[in-house]
Structure formats: structure tokens, C-alpha cells
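Undergrad: Structure of the sequence below:
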Amino acid sequence: MTRRILSTYKRYLLWDIEQAFKELKNDLSIRPIHHQSDARIEAHIFVAFLAYGLMVTLKQRLKALAPGLTPRAVLEKLAAIQMIDVELPTTDGRTVILSRHTEPENDQWLLLQRLKLDLPAQPRPKITAPIPRQAA
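TA: Here you go, the predicted structure:
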């Protein structure tokens, strides 16, 4: 009986691990990268693990709040929401920088509401100092 339980556990554990690698390669578009140092390899693995953790979290959230949707479908739908910087020069040489996210379309708003997510408030404008001029 114990062997059977252990065998079943190993089979499902291996399946979960294989599924995780499949998701990392396909859904997250993680491909082999040839790093030159151990620190970079470890950093790459860490970032891949974080991405996988976020993907699993999104999958669980979708089960509860929007069954039938896949993480890939949600990411593709929300990818159209972009953050942009609009730079406006002033007459005194400074620059006003407005960081803004694009307004979601109706279906994106609906998805955000369904997942109980809010977009961050639009950031306040930044004003840069003028660039000093060099004497000729």
C-alpha cells in the first residue's frame, strides 16, 4: 500500500514539475540563455521561478474569480495596456515628463473588475532641470 501511494505521489510530482517547465517555456517565453557567470545563471533561475510563481498565483485567482480563462489569455488581453512617458519641453529649457498608462478598453475594464484589480493612479508630472550649456 505504501509503495503504491509513493509511486502515485512521484508520478504526480513529476507531472507537476514537467508542467511547470512546459509553462516556463511556452507561456512565459523563457528560452535558453547562455550566461557567462554563476551569478547570472542563479539570477536567471530566480527570475524564472518568480515568473512561474506569479503564473501559478494568477491561475489560482482565475479559478476562483473567472473560471474558464487561462493565464495566457489574460496576459494577452492585458498586454495592450501600456505605460508611456510624454515629454514636453518648456520655454526655459526644462522638460515636463508625464508618465501615463493607456486607458483600458471595455473588455479590459471588465476583466480587471472581474479579477478585482485596479490600475495605479496616474503618476504626478515630473519636471527636469535644464541642461547646462557649454561655453564655446
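
Undergrad: Over to residue 120. Which of the three states is it?
TA: coil (DSSP: H, G, I helix; E, B strand; the rest coil).

Undergrad: what's the spacing between residue 45 and residue 104?
TA: 33 Å (C-beta to C-beta, to the nearest Å). Bear in mind the C-beta positions are built from the backbone N, C-alpha and C, glycine included.

Undergrad: of these two, who's got more company?
TA: Neighbours were tallied for residue 45 and for residue 104 using other C-beta atoms under 10 Å; the higher tally belongs to residue 104 (16 against 11).

Undergrad: Name the nearest residue to that one, ignoring sequence neighbours.
TA: Closest residue to residue 104 apart from its sequence neighbours, by C-beta to C-beta, 6 or more residues apart in numbering: residue 81 at 5.5 Å.

Undergrad: so which helix or strand takes in the residue sitting nearest the centre point of the chain?
TA: The chain has residue 51 as the residue nearest its centroid, 7.4 Å off, counting by C-alpha atoms, centre = their mean. Per DSSP states H and E: residue 51 is located in helix 38-65.

Undergrad: Just the mean pLDDT for that helix, thanks.
TA: Mean pLDDT, helix 38-65: 84.

Undergrad: what helices or strands is that helix leaning on?
TA: Contact here means 3 or more C-beta pairs under 8 Å, 6 or more residues apart in numbering; DSSP states H and E; on that basis helix 38-65 packs against helix 2-25, helix 71-78.

Undergrad: Surely residue 82 touches residue 101?
TA: Yes: if you go by C-beta atoms under 8 Å, residue 82 and residue 101 touch, sitting 6.7 Å apart.

Undergrad: who has more neighbours, the two?
TA: Comparing residue 82 with residue 101 by other C-beta under 10 Å, the one with more neighbours is residue 101, at 14 against 8.
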